[in-house]
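Enquirer: with the sequence up front, the predicted model follows.
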Amino acid sequence: MKLPSRKTKIICTIGPSSRSAKVLPDLIRAGMSAARLNFSHDTLEEHGRDIDRIRSAAEALNVSIPILVDLPGPKIRIGNLEVEPLLLRNGENITLTTGEVRGRGAIPVQYELLPEIVSPGSIIYLSDGFIQLKTISVSGKDIICKVIIGGPLLSRQGLNVPGARIFLDSLTERDFQIIDFGLSKGADIFCLSFINRSDDVVRAREHLRRKEQSAYLIAKIERAEAVRNIDEILDVADGIMVARGDLGMDIPIEDVPAVQKLLINKANLKSRPVITATQMLESMISNVRPTRAEVTDVANAILDGTDGIMLSGETAIGKHPVEAVRMMSRIAGAIEGGKGPARHLGEPREDLVRTMDRRQITVGDMISINVIEAAKGLQARLILTPTHTGGTPRRVSRFKPRSWVIAFCRDKRVHDFLNVSYGVCPILVEDPFDQQFLFRYLKDQGLARKGDRVVITEMVAPGQAGGVDFLGITTLT
């Protein structure tokens, strides 16, 4: 068994450029840790085939690739265009309409209340903000706009009105239908789009309970209200995604870097995995190499303490999906561990420990801190975390250790979700608490040798979730 070349997890969006049985194995070999399916596009049938192909590719390579079902949520979107891309030119007038499309200059919008939330002078963004319109007038279902910044527009792309109140439920009927479809296909990680508060996550959890199902819920943070409510959201969500595209439409774009750091820090404090997403290597949709700014962006997200970094259009519709994954893997490998030019960089755990509230620190927190210190002092390559629920490896992972966290578990669902936590290598075994078996396994798989020191979290009551009480240091014999 060989450990990956980097600890940061890479999430790839699967689409027309990457869904083939030929490309998927190459994505896995290049470093894909998890696959994201964007249900804002394509049909349920197509996504069902994608799930089958992803699983077949993973099985053939003897790896586990968790699938993230990304729900559309209540985002306002452009409807289907007769010809695409539709090129909008600077200075021209166009019509957004919630009614019947008439003529080349009319663009359908899938939100009936749009004419009620805009007025002359309102700014409207399309295509993640790359296209900017200014409202001239509103007449019935039609909104006449002037193109301030033009560009190519595609069907189903998003529409944002900064500062406007959107009268839409955070979880739509379509979202619940997709959850049910995902459950029928065995998916167990769902990304909730455009949530505002913890109640939105609770509603999804209650739907699962009614279906007598359970799944992991990742809250996408892409609204200003969600940022304000992040503490309560982290209390009920299993993880978060910093969805910077729409977030940058809802808050001042210059605030996005600081908010990204804040969200990552808060997720780490709560031991929740966090994924940083949107336009990380955007230029690789067309080019075989990214810009220097994009490389720096990916590196800074890792230095901030993110668990995963996500590719969207780069792997879904880009010309170089496999090269984009390879590049992301190379960047992560170069920035992790403080080697070479990065050796002067600080340790993420130091900042995290400083921000911990000492009045609320738990036994599990103290154990995880000391696990990290022991592994660093002994230069242990491996930290062993037998687990029932995945809580122990996540508490250790949040400090972004240089040692690999080997998470032995018996639950396939727990195993798959740990694939999105930094530096965690989950391994399925019958009895994750049989130490002698675990030590033999490490040696048999070539992960450790006789004489190696390993740090292991011990449990006084292994049957109790989260029952970590102390750590042990063992020299393999």
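Expert: Yep, it's here.
Enquirer: which residues are contacting whichever strand or helix holds residue 257?
Expert: Using DSSP states H and E, residue 257 maps to helix 256-269. Applying C-beta atoms under 8 Å, 6 or more residues apart in numbering, the contact partners of helix 256-269 are 221, 227, 230-231, 234, 239-240, 242, 244, 247-248, 251, 273-274, 276, 301, 304-306, 348, 351-352, 355-356, 398-399. (Glycine included, C-beta is placed from N, CA and C.)
Enquirer: try it again with 7 Å
Expert: With contacts defined as C-beta atoms under 7 Å, 6 or more residues apart in numbering, helix 256-269 is touched by 221, 227, 230-231, 234, 240, 242, 244, 247-248, 251, 274, 276, 304-306, 352, 355-356, 398.
Enquirer: for PyMOL, what selects the buried ones among those?
Expert: Here is the PyMOL command that selects only those of the contacts of helix 256-269 that count as buried (16 or more other C-beta atoms under 10 Å):
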select buried, resi 221+227+230+234+240+242+244+247+248+251+274+276+304+305+306+352+398
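Enquirer: show me the contacts of helix 256-269 that map onto strands.
Expert: Secondary structure from DSSP state E places 221, 240, 242, 274, 276 of the contacts of helix 256-269 in strands.
Enquirer: tabulate those residues (TSV), appending distance to residue 363 and pLDDT.
Expert: Formatted as TSV, these follow (distance: C-beta to C-beta, whole Å; pLDDT from 0 to 100):
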residue	distance to residue 363	pLDDT
221	29	97
240	25	98
242	30	98
274	24	98
276	30	98
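Enquirer: which one of those is nearest to residue 409?
Expert: Closest approach between the ones in strands among the contacts of helix 256-269 and residue 409, by C-beta to C-beta: residue 274, at 20.9 Å.
Enquirer: most distant residue from the middle of the protein?
Expert: The C-alpha centroid of the chain is most remote from residue 139, which lies 40.3 Å away (C-alpha atoms, centre = their mean).
Enquirer: next, residue 473: secondary structure please.
Expert: Applying DSSP: H, G, I helix; E, B strand; the rest coil to residue 473 yields a three-state assignment of strand.
Enquirer: ditto for residue 125
Expert: strand.
Enquirer: before we move on, the earlier item: show me the beta-bridge partners of the residue farthest from the centre of the chain.
Expert: Beta-bridge pairing of residue 139 under DSSP bridges involves residue 142.
Enquirer: distance of it relative to residue 132?
Expert: For residue 139, the distance to residue 132 (C-beta to C-beta, to the nearest Å) stands at 21 Å.
Enquirer: residue 47 now?
Expert: To residue 132, residue 47 is 32 Å away according to C-beta to C-beta.
Enquirer: and those two? Which one has more around it.
Expert: The neighbour count for residue 47 versus residue 132, taken as other C-beta atoms under 10 Å, is higher for residue 47 (23 against 19).
Enquirer: what's the strand or helix carrying the more buried one in contact with?
Expert: For residue 47, the host element (DSSP H and E) is helix 44-60. Helix 44-60 is contacted by residues 14, 19, 21, 24-25, 28, 35, 37, 39, 64-65, 67, 181, 185, 187 when judged by C-beta under 7 Å, 6+ apart.
Enquirer: derive a ChimeraX selection command for the buried subset of these.
Expert: The buried residues among the contacts of helix 44-60 can be selected in ChimeraX (16+ other C-beta under 10 Å) with this line:
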select :14,19,24,25,28,35,37,39,64,65,67,181,185,187
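Enquirer: tell me which two in the contacts of helix 44-60 are the farthest apart.
Expert: Going by C-beta to C-beta, the pair spanning these furthest: 25 and 181, at 25.3 Å.
Enquirer: partners of the residue nearest the centre of the chain in the sheet?
Expert: For the chain, the residue nearest the mean C-alpha position is residue 275 (3.5 Å; C-alpha atoms, centre = their mean). When bridges are called by DSSP bridges, residue 275 pairs up with residue 241, residue 308.
Enquirer: I'd say it and residue 10 touch.
Expert: No. Judged on C-beta atoms under 7 Å, residue 275 makes no contact with residue 10 at a distance of 10.0 Å.
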